[in-house]
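Peer 1: here you go, sequence then predicted model.
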Amino acid sequence: MSRAGDRLHGASALTIAGWASAVAMLAVMAALGVAFDWSMVHVKAAEWTHAWWLVPVLVLAQALPFAFALPGSVMFLVIGLLYDPLPAAAMIATGGVMGSMAAYYFSGKIAVSWVEQVRRQKVYKVLRSNTNFLMLCAMRTLPGFPHSVINYGSGLLRVPLKRFVSSAILGYLVKGMLYASILHNVVDADEVGDLFTLDVMWPLLVLAGLFVAGFFLQKAFGGTQSSS
């Protein structure tokens, strides 16, 4: 089989696997949303959210992993479950921007071997091809673009700090609002049928659209760089 055929087969397999994972995730969320009594979770969450110390703890718990190129997106789920979408998005944006700014500054102090590792990433090639405001916002919002590569890559490419921070704020706000809305809609569903109403499904549809957009963005810009 030709190299082009191998790439097409690989892309098709990746697309099928992605959709299968999305369907499986929705099925699990539907089962949990109906079979589990979330009322006690809501009561406990309401008690915790009144603690003055919880907000800074959660913000720092998201900022520190991002600062040191560790997975920090799990805090999207924790914050999204504890707080309503709007305050959750604000907290996610605060922690994300703090961690991203730290990583941006750390990028000038990391070892040469780690710099080469960042530069070999496909996401870095996409970023190198275009560092304007809209591209940075898109990469922040679309799934499939690791924040660690965006943060350290932007520092290595000397992206203007104002552009970097403003795009990070917007990207984290959009993504935080989307994820928190999905979590609240699923948890608040009383029956399986409630999961398939437009009020519940719209964040999932938007997320699916972002996955598709992210796939084509990586193919368009990453492929251009790798073939040059």
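Peer 2: That came in fine, so what should we check first?

Peer 1: show me where pLDDT drops low in this protein?
Peer 2: Applying pLDDT under 70 to the chain picks out residues 1-46, 111, 187-205, 207-208, 210-212, 214-228.

Peer 1: quick one, strands of it?
Peer 2: In the chain, no strands are defined using DSSP state E.

Peer 1: which residues in it form helices?
Peer 2: Assigned by DSSP state H, the chain shows helices spanning 3-35, 39-48, 54-67, 74-82, 85-106, 112-119, 122-129, 133-141, 147-156, 161-187, 198-217, 223-227.

Peer 1: next, the buried residues of the fourth one.
Peer 2: It stands for helix 74-82. Across helix 74-82, burial judged by 16 or more other C-beta atoms under 10 Å covers 75-76, 79-82. All C-beta spots, glycine's among them, are computed from the backbone N, C-alpha and C.

Peer 1: got CSV for the residues you listed, with distance to Ala102 too?
Peer 2: As requested, the buried residues of helix 74-82 are exported to CSV (distance: C-beta to C-beta, whole Å):
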residue, distance to Ala102
Met75, 15
Phe76, 18
Ile79, 19
Gly80, 23
Leu81, 26
Leu82, 24
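
Peer 1: pick out whichever of those sits closest to Ala51.
Peer 2: Leu82 (10.5 Å; C-beta to C-beta).

Peer 1: state the distance from the closest one to Val57.
Peer 2: Leu82 sits 11 Å away from Val57, going by C-beta to C-beta, to the nearest Å.

Peer 1: do the same with Lys122
Peer 2: Counting by C-beta to C-beta, the gap from Lys122 to Val57 is 34 Å.

Peer 1: Leu64 now?
Peer 2: In terms of C-beta to C-beta, Leu64 sits 11 Å off from Val57.

Peer 1: can you check Ile150 too?
Peer 2: Distance, Ile150 to Val57, using C-beta to C-beta: 25 Å.

Peer 1: between the two, which one's more packed in?
Peer 2: Per other C-beta atoms under 10 Å, whichever of Ile150 and Val57 has more neighbours is Ile150, with 27 against 9.

Peer 1: residues contacting that one?
Peer 2: Under the criterion of C-beta atoms under 8 Å, 6 or more residues apart in numbering, the contact list for Ile150 reads 100, 123, 127, 136, 139-140.

Peer 1: swap in Met177?
Peer 2: Met177 sits in contact with 85-86, 88-89, where contact means C-beta under 8 Å, 6+ apart.

Peer 1: could you do Val165 as well?
Peer 2: Taking C-beta under 8 Å, 6+ apart, one finds 97, 100-101 in contact with Val165.

Peer 1: can you flag the buried ones in those residues?
Peer 2: Looks like the contacts of Val165 have 97, 100-101 buried, using 16+ other C-beta under 10 Å.

Peer 1: could you dump those residues to TSV with distance to Ile169?
Peer 2: TSV is the format used below for those (distance: C-beta to C-beta, whole Å):
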residue	distance to Ile169
Val97	6
Ser100	10
Met101	11
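
Peer 1: which one of the residues you listed is nearest to Lys109?
Peer 2: Met101 (14.1 Å).
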